[in-house]
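J.: Just a sequence and a predicted model for now, questions to come.
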Amino acid sequence: MNRLRTAAALAAALLLAACGGPGSAESADEYPSDQIRLIVPYTAGGPTDIAARALGRYMEGALGQTVVVENLPGASGSTAYQELLSAEPDGYTLSMSALPTAVLNYLTNDVGYTRDSFAPVGVITQVPSALVVPASSPYQDLEALFAAARSDPALVSVGTPGATNTHAAETRRITQLYDVPLTVVPFNGAQEVFAALLGGNIVAGFVNASQDLMPLLESGQLRVLAVGTEERLSYLDAPTFVEHGYPEITQSTTTFGVVAPAGTPQPVIAKLEETMRAASADPETRRGLDERYVPEQFLGSADLAALFAETEQTFQGVASGG
Amino acid sequence: MEQWRGHLHRIGPLLVLAVGVAALVGAVELSLGSLTEPGPGLWPFVAALLLTGTGLVLLVVDDPEDYEPFTRGSARIAGGLAGLAVFVAAFEVVGFVLPAFLMLLLWLRVFGREPWRLALGLAAAGSIGLYVLFDTVLGVRFPSDAVAGLVGA
Amino acid sequence: MGVLDGIAQGFAVALDPVNILYVFIGVLIGTVIGVLPGLGPTATIALLLPLTYEIEPHTAVILLAGIYYGSMYGGTITSVLLRLPGEAASVVTTFDGYEMAKQGRAGPALGIAAIGSFVGGVLSVVGLALLAPPLAALAVSFGPPEYVALTVLGILLITYLGTGSAVKSLCMAALGLLLATVGQDPIAGTTRFTFGQVALFDGLDFVAVAMGLFGVGEILHSLERTEKAQAVARRIKGIWPSRADMRDSAGAIGRGSVLGFLIGVLPGGGGVVSSLASYALEKRRAKDPSRFGRGAIEGVAGPETANNASSTSAFIPLLTLGIPANVVLALIFGALLIHGVTPGPQLIDQHPEIFWGVIASMFVGNLMLLALNIPLVGVFVQILRVRAGILSAFALLVTMAGVFSINNDATDMWVVLAFGLLGWLMKKTGFEPGPLVLAFVLGPVLERAFRQSMLISGGSLSVFVTRPISGGLLAATVLVVVISVVTARRRARVLHRHDELTPAEGER
């Protein structure tokens, strides 16, 4: 009866909070002595949520405390981050985070946080992106598509799952850095991009190579022209942008990680990092996360921090849409 | 006084007009773009234009028979709304049970004119019952509840 | 595998006792969820998703599908009894359904909704079984220009729906369009009219707006009236639709099924447009259109049928192409993936038991929905016997809690409050909330589709007429407008002549 345990823990937490709660004076050995809140900035059932629940299950076993997954969708994650930052930086409130979206949010609008508001813990999965065309498309490879774009600037429409998200920003970077005139056509989610591709209503699409894309690739309805990683993927036979001579286009991979509010004590972060490292090596958790997307080498707190900085720098000039 | 009352209904279209004009200004500020290359402000502009237009028409041709008079009963509305506002504000701070109990009590006793005992009973059963339904059965995460905490439920 | 073989296999799966149990549970849970305002099937399915790991894939889909269309019917119940639409598709039902309830005819309203939903669902399932692949191909060919044409037609229909003055309906539609622009621009991402509030970045939540305008507005309005008036209005006149009701609704149900089935196949089409189209069609065909909005049973039968038919045909893109049409279907898609089943063109061949099993269980599910709800109509109608004060108080509280549960955000509760006030004001001043809410839903689709079309075509407006489907739809729209104007003129001329020939009463 998880619910009763949850409610009981909640009551205990309330009482503890009333007494002053576990403060930063607690040592890493004692942490965690209470249940942990893991906020998910997206709706239940989506990839971030599934990853959070898989991770949460492992953490419960490893740390011996309940991990409560809480969905707070809205404003591309900003709602969840605001909730995270309003909590005590004591390691009992954490949030999933998706890069580059988290960074793009504050580059485009004032959302009440920036990179410095977070204390990154570690990376759990990375989902690369791919440029796809429908099976009936006349373009057999990336060069053919780009050549067509250069000869007719208004021709090549690239569907993206959002207006200011990773894929839109990255497509604009291609245009900016390499003079390939691509028109970004934002849709509301990857499903709409797929539908538009299948109907021949857009020329190409730039989407996550996630679980919902793979069936369409396997059935041959869509073809991949290029992937946005530095090296070829083991599970997707397609060239990279880098191979084609576009070395800068490697920023479209979505990184799912865990963050804590800035000011969370270092020993607590270190302990969480260790737990995440172990989780990503645990076979059952890996299955829950879909093994393809778990990075070969675990990326910890310092790596994630560096990634935040790199993302910010990359998208500084592009983020303002249009 | 009669003349006043006769024209009171024009407040409706006037409000519509005010909102429409404010929106027109806001839309222009958002940059209109052109028809073939719309900016963020174009669509709100079109909508606001339509709103302002209809507001102007209504200001002139509106039929007073559509309107119901404002009576003393209207003051109860203010009370009802105030009660709900207090509920939402309190809900964010102390959770569901207490504000729900008070709100139910207010509506049952004051607006529903139910006898005290029934009102109290229903309010208590309702607030606790609904809390159990939403929080425990459906798993909705209400803000930390003061009452649930006290009882250690 | 031939269609008949498939159907046989499908029924073998669907009539398995375990699966029947799951259909029953699903439909039951769905109905309860639908009744609770604000709490949609999305939250439930997400909650139950982990459970579905344990069971067979086709059973999992059967369960989830049952919840999905069970909740559609649940939304109808609150629309009719309390004027609280559970989701976009139920809004149209409030127009005549609630009026019927006020006239003591809540039973017939709920009854005909159940019957219509059953017929619409079954016909839609048959259509799905026979026409799935070709329809799916047609559906994906609908691109942004087609959506523009479709929503222009839709918005035109909206203004035709109101019972009051057309100008007022248009005014409310304009307000709905404007309110829908609050939030981030769909193409450029610029924030519009958010006044710096992050909570408004995604715009105003439809459920909160609809609950506020319809439900809370109605409750506030009832505060003003005396108790005597309330008691009289809720006297109950019979629990089941009469033979006359059935006869009147038959045509509406038939037309609604076809309309709903076709519109539901379009990704993004769905309940709103189909219920809207059905209502407009019925109002147009009626000999006395002024009955609509005052308790015309066709105004409930048609939209409810269309609604259920469309939620069934929405499965077509999912099962044949692997493209879920809405959030709920996306979750079902995820459930299938977890079980290692990839929906798409190969589903029929690789996993026929899932494809045909789901189809057969939809039939069983619709039957179960009807069987479950027939006796319950009597029970639901008794809810109206509860004193209005008590009912209102609890309805308000449940609405608040339900709306909160959508995003776990108290901002939505404030939205309900604000729109409750607006809804009350609108009732006092004779403005109708229907056009506002429907424009609120369709407006963003139109804007997004138009701007996408401009981006894709490179700024050429001719794209709307050169593409066959959108050109055809626009031509149909123009035709509808022309016909309406002509018939309106003809009617006015007839009336005028009638006035001239028949002397006024006082002059005899």
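T.: Everything's here; your move.
J.: For stretch A:295-304, which residues meet the burial criterion?
T.: Across stretch A:295-304, burial judged by 16 or more other CB atoms under 10 Å in any protein chain shown covers A:Phe298, A:Leu299, A:Gly300, A:Ser301, A:Asp303, A:Leu304. Where you see a C-beta, it was placed from the backbone N, CA and C, and this is true even at glycine.
J.: contacting residues around that stretch?
T.: With contacts defined as CB atoms under 8 Å, 6 or more residues apart in numbering or on different chains, stretch A:295-304 is touched by A:119-123, A:125-126, A:255, A:257, A:259, A:269-270, A:273, A:276-277, A:280-281, A:307.
J.: And it, how far out from the chain middle?
T.: 14 Å (CA atoms, centre = their mean, to the nearest Å).
J.: now do the same end-to-end measure for that stretch.
T.: From its first residue to its last, stretch A:295-304 covers 13 Å (CA to CA, to the nearest Å).
J.: returning to that earlier point: could you turn the buried ones of the contacts of stretch A:295-304 into a ChimeraX selection?
T.: Applying 16+ other CB under 10 Å to these, the buried members can be selected in ChimeraX as follows:
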select /A:119,120,121,122,123,125,126,255,257,259,269,273,276,280,307
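J.: ok, back up a step: possible to save the buried residues of stretch A:295-304 as CSV with distance to C:Ala136 and pLDDT?
T.: Shown next, in CSV, are the buried residues of stretch A:295-304 (distance: CB to CB, whole Å; pLDDT from 0 to 100):
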residue, distance to C:Ala136, pLDDT
A:Phe298, 42, 90
A:Leu299, 41, 91
A:Gly300, 46, 90
A:Ser301, 47, 91
A:Asp303, 44, 92
A:Leu304, 42, 92
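J.: can you tell me which of those are in helices?
T.: A:Ser301, A:Asp303, A:Leu304 (DSSP state H).
J.: any idea of the mean pLDDT in the one helix or strand C:Gly66 maps to?
T.: Element membership for C:Gly66, per DSSP states H and E: helix C:57-82. Mean per-residue pLDDT for helix C:57-82: 82.
J.: send the alpha carbons of the helix or strand that that helix is followed by over as CSV?
T.: Moving toward the C-terminus from helix C:57-82, the next helix or strand (DSSP H and E) is helix C:91-102. What follows is helix C:91-102, C-alpha atoms only, in CSV (Å, rounded to 0.1, in the frame of the first residue of the first chain):
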residue,chain,number,x,y,z
VAL,C,91,-19.5,21.3,-24.4
VAL,C,92,-22.0,21.0,-27.3
THR,C,93,-24.2,18.6,-25.2
THR,C,94,-24.7,21.3,-22.6
PHE,C,95,-26.6,23.5,-25.1
ASP,C,96,-29.7,21.3,-25.3
GLY,C,97,-28.9,18.6,-22.7
TYR,C,98,-29.0,20.9,-19.8
GLU,C,99,-32.1,22.7,-21.1
MET,C,100,-33.8,19.3,-21.2
ALA,C,101,-32.8,18.6,-17.7
LYS,C,102,-34.3,21.9,-16.6
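J.: what's in contact with helix C:91-102?
T.: Contacts with helix C:91-102, where a contact means CB under 8 Å, 6+ apart, come from C:76, C:79-85, C:106, C:108-109, C:113, C:161, C:210, C:214, C:218, C:233-234, C:272, C:275-276, C:278-279, C:292-297, C:299-300, C:303-304, C:307, C:384, C:434, C:437-438.
J.: Apply 7 Å and report the result again.
T.: Here helix C:91-102 makes contact (CB atoms under 7 Å, 6 or more residues apart in numbering or on different chains) with C:76, C:79-81, C:83, C:85, C:106, C:108-109, C:210, C:214, C:233, C:275-276, C:279, C:292-297, C:299-300, C:303-304, C:384, C:434, C:437-438.
J.: Can you give me the domain boundaries for chain B?
T.: As assigned by automatic domain parsing, chain B contains the domains B:2-66, B:74-151.
J.: Can you list the strands that the longest strand seen in chain A pairs with?
T.: The strand spanning the most residues in chain A, taking DSSP state E as the definition, is strand A:118-127. With DSSP bridges as the test, strand A:118-127 is paired with strand A:254-261 (antiparallel).
J.: Could you tell me the angle between the helix or strand that the strand it pairs with is followed by and strand A:118-127?
T.: Once strand A:254-261 ends, the next helix or strand along the chain (criterion: DSSP H and E) is helix A:266-281. Interaxial angle, helix A:266-281 versus strand A:118-127 (axes from the mean of the first three to the mean of the last three CA atoms, to 10 degrees): 10 degrees.
J.: Just the C-alphas of the helix or strand just after helix A:266-281, formatted as CSV.
T.: Going down the chain from helix A:266-281, the next helix or strand is helix A:283-289, by DSSP H and E. Extracted in CSV, the C-alpha atoms of helix A:283-289 (Å, rounded to 0.1, in the frame of the first residue of the first chain):
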residue,chain,number,x,y,z
PRO,A,283,20.5,-4.3,-15.7
GLU,A,284,16.9,-3.9,-14.6
THR,A,285,17.1,-0.2,-14.5
ARG,A,286,18.8,-0.1,-17.9
ARG,A,287,15.9,-2.2,-19.3
GLY,A,288,13.4,0.3,-17.9
LEU,A,289,15.3,3.2,-19.4
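J.: what packs against helix A:283-289?
T.: helix A:47-63 (3 or more CB pairs under 7 Å, 6 or more residues apart in numbering or on different chains; DSSP states H and E).
J.: Can I have the buried ones of the contacts of helix C:91-102 as a ChimeraX selection?
T.: Command for ChimeraX, covering only those of these found buried under the criterion 16+ other CB under 10 Å:
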select /C:76,79,80,81,83,85,106,108,109,210,214,275,276,279,292,293,295,296,297,299,300,303,304,384,434,437,438
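J.: Narrow the contacts of helix C:91-102 to those in helices?
T.: Of the contacts of helix C:91-102, the ones assigned to helices by DSSP H are C:76, C:79-81, C:106, C:108-109, C:210, C:233, C:275-276, C:279, C:299-300, C:303-304, C:434, C:437-438.
J.: Can you tell me which residue sits nearest the middle of chain C?
T.: C:Ala89 (1.4 Å; CA atoms, centre = their mean).
J.: before we move on, what about chain B?
T.: Centre-most residue of chain B, counting by CA atoms, centre = their mean: B:Leu81, 7.4 Å.
J.: Give me the nearest residue to the residue of the stretch 201-322 of chain A found nearest chain C, chain neighbours excluded.
T.: Distances between the stretch 201-322 of chain A and chain C by CB to the nearest CB are smallest at A:Asn201, namely 3.0 Å. Nearest residue to A:Asn201, sequence neighbours excluded (CB to CB, 6 or more residues apart in numbering or on different chains): C:Gly143, at 3.0 Å.
J.: Would you mind confirming that that neighbour is in contact with A:Gly199?
T.: Yes - if you go by CB atoms under 7 Å, C:Gly143 and A:Gly199 touch, sitting 5.6 Å apart.
J.: Quick check on those two: which one has the bigger neighbour count.
T.: Each of C:Gly143 and A:Gly199 has its neighbours counted (other CB atoms under 10 Å in any protein chain shown); C:Gly143 has more, 22 against 18.
J.: mind checking the backbone torsions on that one?
T.: C:Gly143 adopts backbone torsions of phi -110, psi -170, taken as degrees, to the nearest 10.
J.: Near the closest residue to C:Phe193 other than its chain neighbours, how many other residues are there?
T.: Excluding the flanking residues, the one nearest C:Phe193 by CB to CB, 6+ apart is C:Val182, at 4.6 Å. Per other CB under 10 Å, the neighbour tally for C:Val182 reads 18.
J.: what separates A:Pro261 from A:Tyr113, distance-wise?
T.: As for A:Pro261, its distance to A:Tyr113 is 10 Å (criterion: CB to CB, to the nearest Å).
J.: Give me the angle between the helix or strand harbouring C:Ser124 and helix C:57-82.
T.: If you go by DSSP H and E, C:Ser124 is part of helix C:106-140. Orientation note: helix C:106-140 sits at an angle of 130 degrees relative to helix C:57-82 (the same axes, to 10 degrees).
J.: Good, wrapping up.
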